[in-house]
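> Dropping a prediction and its sequence here:
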Amino acid sequence: ILAADTASLCPLPVMEKEYTLDIPGETSVPGWEIKTSILPSSARINDGGFTACFDATKAGKKLTVRRRLPGDRFQPLGMTQEKKLNRFMIDARIPQAWRNRVPIVCTGGDVLWVAGWRIDERYRVRPDTKKVLRLEFKRI
């Protein structure tokens with residue numbers, strides 16, 4: 001597919017500003033409906049794509065979603081070291097025109113999830129997790 005503006009081929013909507021998520025509940029942002037729920041650790045969890053689960057205690061109650069910012073870092077699931085978000089996006093082969101449209105879920109100053117790609121290792125569900133925070137992004 002050829003286009004004068006490669007960003008016009010991106011299936012992700014533009015993320016103009018930072019939005020606070022209702023936990024639990026639903027939050028509407030331009031192009032997305034984001035559903036959050038708190039589940040017991042024994043619940044069956046299906047995640048992948050634009051659905052992910054986290055340790056609710058570690059993630060906290062104040063989450064935001066925004067586009068990437070210069071200097072963002074996170075520790076991708078399965079890694080022992082932090083990585084620059086820009087480097088992660090290059091390594092994950094996210095097209096350059098899409099990178100500013102990928103939703104980034106944050107808690108405090110930490111990147112919790114690069115929505116659709118990878119969660120942060122420090123916030124993953126572990127065997128000792130008591131409550132699970134489930135996030136689901138749906139395109140509208």
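Here it is on my side, so go on. Residues are numbered from 1 along each chain as shown.
> what sits up against the longest helix along the chain?
Ranked by residue count, the top helix of the chain under DSSP state H comes out as helix 85-91. The contact list for helix 85-91, computed with C-beta atoms under 8 Å, 6 or more residues apart in numbering, reads Arg68, Asp72, Arg73, Phe74, Pro76, Arg99, Val102, Ile104, Val111, Val114, Trp117, Arg118. The way it works is simple: take the backbone N, C-alpha and C, and place the C-beta from them, glycine included.
> how about Ile38, secondary structure?
strand (DSSP: H, G, I helix; E, B strand; the rest coil).
> quick one: contacts for it?
Counting by C-beta under 8 Å, 6+ apart, Ile38 makes contact with Ile23, Pro24, Ala56, Lys131, Val132, Leu133, Arg134.
> again, 6 Å this time
Going by C-beta atoms under 6 Å, 6 or more residues apart in numbering, Ile38 touches Pro24, Ala56, Lys131.
> Drop anything exposed from these.
Buried residues within the contacts of Ile38, defined by neighbour count using 16 or more other C-beta atoms under 10 Å: Ala56.
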